[in-house]
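# Sequence and predicted model, in that order:
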Amino acid sequence: MLIISLFCNKNCFFLCRTHVSLEIYKSTFGATLEVKTTHGKKSIRLADVLYFESDGSYVKTVTEKETYTERCTLNEIEDKLGKRIIRIHRSFLINKDKIQEYNSKEVYIEGRAIPISRSYRKNLK
């Protein structure tokens with residue numbers, strides 16, 4: 001069972017999930033995403049995320065320096081994150097600000113080619 005709790009504060013919005021380690025914090029410093037690591041939890045800025053990739057029941061959060069794996073779905077991430085994160089494929093969400101170039105079939109982010117599906121192509125425009 002997935003339980004979502006919401007805590008509101010003066011300048012902050014906190015979203016915590018029980019049984020899913022994805023936590024999103026929006027504050028005056030910008031949106032951050034909290035991910036599990038081998039040493040506990042780590043906060044990463046949403047602006048540092050290149051893309052999210054679905055891998056079965058897990059989602060890989062790819063940044064310029066590291067890749068983190070979480071047990072959640074892309075739909076959960078897409079629903080909670082803002083307009084800067086867009087879906088371009090059934091298995092990919094990308095950070096719109098990190099696009100270097102794209103054509104009708106692929107988006108290039110940091111030299112990595114990410115496929116664009118026909119049904120999600122309209123999201124790039």
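Looks like it arrived, so ask away.
# At which residues are the strands of the chain located?
Ranges of strands within the chain are 3-8, 13-18, 23-27, 30-37, 40-45, 49-55, 58-63, 67-70, 85-89, 92-95, 101-102, 106-109, 112-115, based on DSSP state E.
# Nearest residue to the middle of this protein?
Nearest to the mean C-alpha position of the chain, by CA atoms, centre = their mean, lies residue 52 at 5.0 Å.
# Tell me where the model's unsure across the chain.
Across the chain, the ranges flagged by pLDDT under 70 are 1-30.
# so which of the strands of the chain gets nearest residue 121?
strand 85-89 (7.6 Å; CB to CB). Any C-beta I mention is one placed from the backbone N, CA and C, and that applies to glycine too.
# Sheet partners, orientation included, of that closest one?
strand 92-95 (antiparallel) (DSSP bridges).
# From the chain's centroid, how far away is the partner strand?
7 Å (CA atoms, centre = their mean, to the nearest Å).
# And the contacts of stretch 54-74?
Identification of contacts with stretch 54-74 by CB atoms under 8 Å, 6 or more residues apart in numbering yields 20-22, 33, 35-37, 42, 44, 48-53, 77, 87, 90-93, 110.
# out of those, which are buried?
21-22, 33, 35, 44, 49-53, 77, 87, 91-93 (16 or more other CB atoms under 10 Å).
# on that earlier part again, ranking the strands of the chain by burial, who's on top?
Mean neighbour count (mean count of other CB atoms under 10 Å) peaks for strand 92-95 among the strands of the chain, with a mean of 23.
# Dump it to CSV, restricted to CA.
Extracted in CSV, the C-alpha atoms of strand 92-95 (Å, rounded to 0.1, in the frame of the first residue of the first chain):
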residue,chain,number,x,y,z
PHE,A,92,12.2,8.0,-20.4
LEU,A,93,11.6,11.4,-18.8
ILE,A,94,14.1,14.1,-19.6
ASN,A,95,15.1,17.4,-18.1
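# Return the residues in contact with residue 84.
46, 95, 96, 97.
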